[in-house]
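S.K.: starting from these lines, generate the structure:
(chains A and B)
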Amino acid sequence: MATLSPSRAVNPRLGSYFGIFLSGFAAIALLSLILHSLGVEPSVLSLAMLLGPLVLYMAIGAATHASDPLDFFAAGRRVPAFFNGLVLATSAFGATGLVGLTGLFFLIGFDALFIAIGALGGFVIMAVLLAPFLRKFGAFTIPSYLGRRFESRPLRLATALVVAVPILMVLSAELRFAAEAAAKLSGWSHGQVFLLLYLVLLATLIPGGMRSMTWSSVAQSLAAVLAVMVPVIIVAAIVTTLPVPQLTYGPVLRAVGRSEAIQGLPIILPPILAFDLPGPELQPIMKRFADPFGAVGAGAFVLGTLSMMAGVASAPWLLPRLAAAPGVYDARKTLGWATFIFGIAMLTASSVAVFMRDFLMDLLVTPGPAIVPPWLADLAKRGFASITETGTQFTTQSISFARDSVILSLPVAAQLPPMLLDLTLAAIVAAGLVTASAAVTALGHVLSEDTLFGSTWDPPHGSARLHAGRGGIAAAAAAGILAAAFAASDPIRMVLNAFAIGGSALFPVLVLSIWWKRMNAYGAMAGLLTGFFVALLVATGGQSETAALPVALAAFAGVPAAAAAVLAVSFATPPPSRHVLELVRDIRVPGGEILYDREMRTQRLKKQRQLG
Amino acid sequence: MIERKERKPYWRHTKWQMFASLIPFLAVIIILPLYAERLNSNKFLGFPLGYFLAAHGLVLIAVITVASFVRQQDAIDHWHGAHEDN
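M.R.: Purely as a prediction, here's the structure:
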């Protein structure tokens, strides 16, 4: 099967299609700007800014129907590296990155970098240690990969259960941010907004599973990038005269630093393991922007980076994306694009935070009595900020900001037209939908492939398999919406915990399953469960004040424990069979047939022989 | 298709490439932020240097690491005949 069938060739018109989509999206935004100056009601325009793009995403979902399992579960394995990497980067960044990371940058400056550089490192590790091999194997889900790799059905079921936990946590956090933004745009209640998001998820994911998820997510990612860039570029052009916010905020940052020194913002020397991430409530800025280690201690910074790395490299909602690459080489290139796009996204988030701090510092260093400027009054009216005392001189302590509204505060503070605030909100909805779609599809495929058909290696042929897949996606979306509606804890901590738990359960097992031949099914099972429960223990123990290790750093305890369990149990039990060893040798070589397809074929032949 | 006796050298080569890509990168990503405070007194493009290296610099290093890994590993695949057929 060395020949490449024509159906696996990359569609040459993808660029034109997404050009058309982007023009449509820009047209909605510009029309809204024109209609606003013609005196159309702003609430109508905001609603159009929410529903217009959603209709476009749903149209793309409906246009990418799949009737073949390969299309439904792996997007036909023909997504070119750039688009694959774009979706991979945006699903790692998500609404949490847009909203939460920007807010953290604004409040604690340098210390928020551990999340971003941890994710960047995660992509590098994924590229080198996991991506090419998982693509060569070609399984549709992580539990299928581990189950097939170790020829163990119990391992497959256990992985399915473990994987569901972090996926649901991420899903609930992302959907909450998306729902929050959608509620601001539409003015509807939370119940109505969650129903709307559920319908959008169903419409974009049910027709073609992974295929429609891929192409609607590409559209959402492009929309999110465009919509987030526009306000920052405008502000950068005003403040620095150059429209490249990521590279030109240096002088602004130095000015901010001088004002911080004049204001006497304290230099904090925290304990080495301090981990004081600001919550979602209103609070004043905590420390100087460019000074490292005020809220997060140096030790916690390094551990947090490593924890994020393990979590991103083995995230069960990111890895299935690799199965959609056309080949092993493209899977590696996918990670290159993902690293690049994620880097730009993170630098944009930090530039938003710096420009916002610049607005604040300009106000604080202005001599004379404190007069609340119109933009600050506007922010306070919207609940994005609050002013505790007026009359005398402003200090850093007298103005508080809501962490999750910092990205929305920038267009308001720069007094840009209201359309740009709507555009930012639309970007948050789009980014939340990208991550939520990735998580829903991953969980849905796990539900149908590894739970419903988990007891057999020969899933039913024809439409039954796809119907089950669609049912799984619908169930996963419903579970995600419920988790989002009833979860109460801070979404950013939720995502950090999800990365920590997923990383400690899966990272050692996945890496060793490729790089260590002697590992067997018992070792994999022991590593998976040890990592999961150690991380869970640290995470639940960390909720109390007395915990020694901060919650999000749980992977630091989990990864070594899991790796030790894999080694100990594998050595204590018999070595793997000849067939499994041959399988590992094949995983390590890029050329040759996709192993998952080969395994499925031999299973079918074996069954036919038994029947005949 | 790769020849049977090529498998061992191919894997050895791949392993060394893995170490060559990851060890310098991990060292930089762990050590660099710890020295950011001391570097901050210098400036580059108007940025405090420590912050610039930890944000922009690490992005650049990550992208270069992945890009060079993709090139090198592809060359290794072709050298040992382990590449994909298409």
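S.K.: just how off-centre is stretch A:451-470 within its chain?
M.R.: Chain-centre distance of stretch A:451-470: 28 Å, with C-alpha atoms, centre = their mean, to the nearest Å.
S.K.: can you give me the end-to-end distance of it?
M.R.: One end of stretch A:451-470 sits 14 Å from the other (C-alpha to C-alpha, to the nearest Å).
S.K.: now do the buried residues in that stretch.
M.R.: A:451, A:452, A:453, A:454, A:457, A:459, A:465, A:466, A:468, A:469, A:470 (16 or more other C-beta atoms under 10 Å in any protein chain shown). Just so you know, the C-beta spots here come from the backbone N, C-alpha and C atoms, and that holds for glycine as well.
S.K.: distance to residue A:486 and pLDDT for the residues you listed - can I get that in CSV?
M.R.: CSV is the format used below for the buried residues of stretch A:451-470 (distance: C-beta to C-beta, whole Å; pLDDT from 0 to 100):
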residue, distance to residue A:486, pLDDT
A:451, 23, 88
A:452, 25, 88
A:453, 30, 86
A:454, 28, 80
A:457, 37, 79
A:459, 33, 80
A:465, 32, 90
A:466, 31, 91
A:468, 27, 92
A:469, 26, 93
A:470, 25, 94
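S.K.: any idea where the strands of chain B begin and end?
M.R.: Assigned by DSSP state E, the strands in chain B fall at B:43-44, B:47-48.
S.K.: of these, which is nearest chain A?
M.R.: strand B:47-48 (3.6 Å; C-beta to the nearest C-beta).
S.K.: paired strands for the closest one, with orientation please.
M.R.: strand B:43-44 (antiparallel) (DSSP bridges).
S.K.: and the partner strand, how far from the chain's centre?
M.R.: With C-alpha atoms, centre = their mean, you get 25 Å for strand B:43-44.
S.K.: and the buried residues of stretch A:451-470, which is closest to chain B?
M.R.: If you rank the buried residues of stretch A:451-470 by distance to chain B using C-beta to the nearest C-beta, residue A:457 comes first, at 25.5 Å.
S.K.: can you pick out the ones from the buried residues of stretch A:451-470 that are in strands?
M.R.: Among those, none falls in strands (DSSP E).
S.K.: the residues you listed also near chain B: which ones?
M.R.: Filtering those for neighbours of chain B using C-beta under 8 Å from any C-beta of the partner chain leaves an empty set.
S.K.: and residue 37, how many neighbours?
M.R.: Using chain A here. 9 (other C-beta atoms under 10 Å in any protein chain shown).
S.K.: looking at chain B here, not the other one
M.R.: If we define neighbours as other C-beta under 10 Å, then residue B:37 has 18 of them.
S.K.: circling back to that earlier point, from the buried residues of stretch A:451-470, which two are the most distant?
M.R.: A:457 and A:470 (21.5 Å; C-beta to C-beta).
S.K.: could you look up the SS state of the closest residue to residue A:384 other than its chain neighbours?
M.R.: Sequence neighbours aside, residue A:405 is the residue nearest to residue A:384 in space, at 3.9 Å (criterion: C-beta to C-beta, 6 or more residues apart in numbering or on different chains). Secondary structure for residue A:405, judged by DSSP: H, G, I helix; E, B strand; the rest coil, is helix.
S.K.: where does the prediction get shaky in the chain?
M.R.: Assuming you mean chain A. A:1-8, A:389-391, A:541-552 (pLDDT under 70).
S.K.: wait, chain B
M.R.: The low-confidence ranges in chain B, as defined by pLDDT under 70, are B:1, B:86.
S.K.: would you mind finding the longest helix in it?
M.R.: Counting residues, the longest helix found in chain B (DSSP state H) is helix B:7-31.
S.K.: against which helices or strands is it packed?
M.R.: Helix B:7-31 makes packing contacts with helix A:113-125, helix A:298-313, helix B:58-79 when contacts are defined by 3 or more C-beta pairs under 8 Å, 6 or more residues apart in numbering or on different chains; DSSP states H and E.
S.K.: buried stuff in that helix?
M.R.: In helix B:7-31, counting by 16+ other C-beta under 10 Å, buried: B:7, B:10-11, B:13-14, B:17, B:21-22, B:25-26, B:28-30.
S.K.: list the contacts of the residue positioned nearest the centre of chain B.
M.R.: Nearest to the geometric centre of chain B sits residue B:65, at 2.7 Å (C-alpha atoms, centre = their mean). By C-beta atoms under 8 Å, 6 or more residues apart in numbering or on different chains, the residues touching residue B:65 are A:124, B:21, B:24, B:25.
S.K.: can you pick out the most distant pair from these?
M.R.: A:124 and B:24 (10.9 Å).
S.K.: residue of chain A nearest chain B, please.
M.R.: For chain A, C-beta to the nearest C-beta, closest residue to chain B: residue A:250, 3.0 Å.
S.K.: surely that residue and residue B:45 touch.
M.R.: Yes - between residue A:250 and residue B:45 there is a contact at 4.7 Å, judged by C-beta atoms under 8 Å.
S.K.: what sits in contact with each of those two?
M.R.: residue B:52.
S.K.: those two: who's more crowded?
M.R.: Remark: of residue A:250 and residue B:45, residue A:250 carries more neighbours, 19 against 12, as counted by other C-beta under 10 Å.
S.K.: how about the more buried one: what's its closest non-neighbour residue?
M.R.: residue B:46 (3.0 Å).
S.K.: and residue 74, what is it in contact with?
M.R.: Answering for chain A, as no chain was given. Applying C-beta under 8 Å, 6+ apart to residue A:74 gives the contacts A:138, A:140, A:210, A:320, A:323, A:324.
S.K.: wrong chain, I was asking about chain B
M.R.: Residues counted as contacts of residue B:74 (C-beta under 8 Å, 6+ apart) are A:329, A:332, B:83.
S.K.: phi, psi of whatever residue of chain B ends up closest to chain A?
M.R.: Nearest to chain A in chain B, going by C-beta to the nearest C-beta, is residue B:46, at a distance of 3.0 Å. Dihedral pair for residue B:46: phi 90, psi -10, per degrees, to the nearest 10.
S.K.: hmm, it is touching residue A:256, no?
M.R.: No - Residue B:46 is beyond contact range of residue A:256, at 11.3 Å (criterion: C-beta under 8 Å).
S.K.: who has more neighbours out of those two?
M.R.: residue A:256 (25 against 16).
S.K.: and the more buried one, what element?
M.R.: helix A:250-263 (DSSP states H and E).
S.K.: ok, residue A:578 - contacts?
M.R.: Residue A:578 neighbours (C-beta under 8 Å, 6+ apart): none.
S.K.: what about it, distance to residue A:154?
M.R.: Distance, residue A:578 to residue A:154, using C-beta to C-beta, to the nearest Å: 21 Å.
S.K.: longest helix of chain A, counting residues only.
M.R.: helix A:328-365.
S.K.: which element follows it toward the C-terminus?
M.R.: Taking DSSP H and E, what comes next after helix A:328-365 is helix A:374-382.
S.K.: same question for the helix or strand that that next one is followed by: list its buried residues.
M.R.: Note on helix A:374-382: by DSSP H and E, the next helix or strand toward the C-terminus is strand A:385-387. By 16+ other C-beta under 10 Å, the buried positions in strand A:385-387 come out as A:385, A:386.
S.K.: tell me what strand A:385-387 is packed against?
M.R.: Packing partners of strand A:385-387 (3+ C-beta pairs under 8 Å, 6+ apart): helix A:374-382, strand A:399-402.
S.K.: now those as CSV including mean neighbour count and distance to chain B?
M.R.: Converted to CSV, these look like this (neighbours: other C-beta atoms under 10 Å in any protein chain shown; distance: least, C-beta to the nearest C-beta, whole Å):
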stretch, mean neighbour count, distance to chain B
helix A:374-382, 16, 25
strand A:399-402, 21, 21
